[in-house]
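Colleague: My questions concern the predicted model and sequence given below.
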Amino acid sequence: MRKKLSQKAVIISVLIFLLTQFSPLFSYEKGIPQQSEITELIKAGKELYENGEYKEAIITFLTVLTKTQSVDELSEAYFNLSLAYFADGQSQKAEEYLQKLFEIRPDKTIDERYYPLSFVELFNRLKPEPKTEPKTQTKIEPEKKPPLKTQPDVEAKPERKTEAKSKIEEQEAKDTPQPVKEGDLLPLNQVDIPPEPIKKVYPEYPAVARRMNIQGTVIINALISEKGDVISTAIIRGIKGPFKLNEAAQKAVQKWKFKPAMKGSKAVKVWKPIAIRFAEK
């Protein structure tokens, strides 16, 4: 008797094990589709989309929605529905299913290389921005001000005044013109009376230049002393060539005599440009 009971217990245990292991095989009879069926439907919908059969792909993915409650499968169906509607020219429907997708998968991302640019733009426009944690504000303690001095700093003020006064005096000293002494060299535009020639010596016209009819003007810068003598010369602009016109002009100007330039009652030195013209009369 005990042997028969033990055999029945073994048989019941085996049956329970089999029912537990193979229960998914019986779920279809209860009206719940198997996992493999949903996978096959999604795969078939993708193939229809790739073949350009967008309406058939839409019907297939809509069927998936009626057969599953899985978040992964729903998000897969919503995304592919949006893609198929977009390819079929139904942009409003495409937006609708993208929004449904983001409601359950706000972090959904795609590889933009494998989708039309216009669809990628729609996807990025509708994708919600990631939530950022609010920053904790740290309370900043106000800076403590040092206690006010009861007595003013008397010693520093006179020092500043003295320093400022010395700078003003220094500047005034610079601005005050220095008295002109006899024989000082001044710019021509700063004298009261410019030098006037009282004796002019005309240059010799070099024979070679005269024969070749070389003409032109040589400008000599002459340094005129406080006594009216030309004590130095320099050529500002000459005549090119081996005709010695520049040298002839310099020799002539060095013999000129001037009334000296005056600054007030003082005779001073100045540089004055003099033009010497070489031409046949």
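Modeller: Arrived safely.
Colleague: Tell me where the protein has strands.
Modeller: With DSSP state E as the criterion, the chain has strands at 196-199, 216-224, 230-237, 257-259, 261-263, 266-268, 270-278.
Colleague: so can I have a markdown table of those strands showing mean neighbour count?
Modeller: Heads up, the C-betas are built off the backbone N, CA and C, glycines and all. A markdown table is the format used below for those (neighbours: other C-beta atoms under 10 Å):
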| stretch | mean neighbour count |
| --- | --- |
| strand 196-199 | 12 |
| strand 216-224 | 19 |
| strand 230-237 | 14 |
| strand 257-259 | 16 |
| strand 261-263 | 20 |
| strand 266-268 | 21 |
| strand 270-278 | 17 |
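Colleague: Quick check: which ranges of the stretch 51-200 of the chain have low pLDDT?
Modeller: Low-confidence segments of the stretch 51-200 of the chain (pLDDT under 70): 132-165, 172-176.
Colleague: what's the closest of the strands of the chain to Ala84?
Modeller: strand 230-237 (89.9 Å; C-beta to C-beta).
Colleague: then that closest one to CSV, C-alphas only?
Modeller: Output in CSV follows, covering the C-alpha atoms of strand 230-237 (Å, rounded to 0.1, in the frame of the first residue of the first chain):
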residue,chain,number,x,y,z
VAL,A,230,76.0,130.8,-43.4
ILE,A,231,78.0,128.4,-41.2
SER,A,232,76.7,125.0,-42.6
THR,A,233,74.8,123.7,-45.6
ALA,A,234,73.0,120.5,-46.6
ILE,A,235,71.4,119.4,-49.8
ILE,A,236,67.6,118.9,-49.4
ARG,A,237,67.0,118.2,-53.1
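Colleague: And the contacts of that strand?
Modeller: Strand 230-237 is contacted from outside by 217-225, 246, 249-250, 253-256, 258, 273, using C-beta atoms under 8 Å, 6 or more residues apart in numbering.
Colleague: Give me the distance between the nearest residue to Met262 once chain neighbours are set aside and Lys272.
Modeller: In space, and not counting its chain neighbours, Met262 is closest to Ile193: 4.1 Å by C-beta to C-beta, 6 or more residues apart in numbering. According to C-beta to C-beta, to the nearest Å, Ile193 stands 12 Å off from Lys272.
Colleague: What of Ala209?
Modeller: Ala209 sits 26 Å away from Lys272, going by C-beta to C-beta.
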